[in-house]
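*Asks:* Provide a 3D model corresponding to the input given below.
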Amino acid sequence: MIVGTESLMEWGSLGLGLFELFFVMVGLAMIIYGGIVSTIEILLHEVQRANYTYAHIRHHFTDKILFGLEFLIAADVIRTVLDPSVEEILTLGAVVLIRTIMAYFLSKEVEEYSFQE
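*Replies:* Numbering: from 1, shown residues only. As a prediction, this is how the structure comes out:
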């Protein structure tokens, strides 16, 4: 049985769609996980005076956000490969630009808090 080109394209699109979904889920999970852990650390700091500083908490939370953003950018790139319209390419450019700017300033913040720990 010979598989036609259209069938391969459909399978390829399905595979890329699954990877896109996977990257979105991992990116969101990293950000949510970082938020939950940071919230717990803040509560422990406030209630038990645990050995966490706000600089430490912000540093680790910012790391998780940056990591999550990178997965979300990868998902956006895959989405654009699946639907390479001019509108989708412009949207991807804008999203990547915004996320890159966010990542830049968040990484600067991480560096700042690294010196304080």
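*Asks:* remind me which residues of the chain are low pLDDT?
*Replies:* 1-5, 8, 113-117 (pLDDT under 70).
*Asks:* I'd like to know which elements the helix or strand hosting residue 46 is packed against.
*Replies:* Using DSSP states H and E, residue 46 sits in helix 5-48. If you count contacts as 3 or more C-beta pairs under 8 Å, 6 or more residues apart in numbering; DSSP states H and E, helix 5-48 packs onto helix 54-82. All C-beta atoms are positioned from the backbone trio N, CA, C, and that covers glycine.
*Asks:* show me which positions of the helix it packs on end up buried.
*Replies:* Buried residues in helix 54-82, counted by 16 or more other C-beta atoms under 10 Å: 56-62, 64-76, 78-80.
*Asks:* and that helix with helix 5-48, angle?
*Replies:* 170 degrees (axes from the mean of the first three to the mean of the last three C-alpha atoms, to 10 degrees).
*Asks:* and the residue nearest to residue 67 when sequence neighbours are not counted, how close does it get to residue 46?
*Replies:* Distance criterion C-beta to C-beta, 6 or more residues apart in numbering; nearest residue to residue 67, sequence neighbours excluded, is residue 30 at 5.0 Å. Distance from residue 30 to residue 46, counting by C-beta to C-beta, to the nearest Å: 25 Å.
*Asks:* if you count surrounding residues, which of these two has more?
*Replies:* Remark: of residue 30 and residue 46, residue 30 carries more neighbours, 20 against 10, as counted by other C-beta atoms under 10 Å.
*Asks:* do I have it right that the more buried one meets residue 63?
*Replies:* No: in this structure residue 30 lies outside contact range of residue 63 using C-beta atoms under 8 Å: 9.3 Å.
*Asks:* ok, residue 99 - contacts?
*Replies:* 69, 72-73 (C-beta atoms under 8 Å, 6 or more residues apart in numbering).
*Asks:* okay if I get these as TSV plus distance to residue 37?
*Replies:* TSV is the format used below for the contacts of residue 99 (distance: C-beta to C-beta, whole Å):
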residue	distance to residue 37
69	17
72	19
73	22
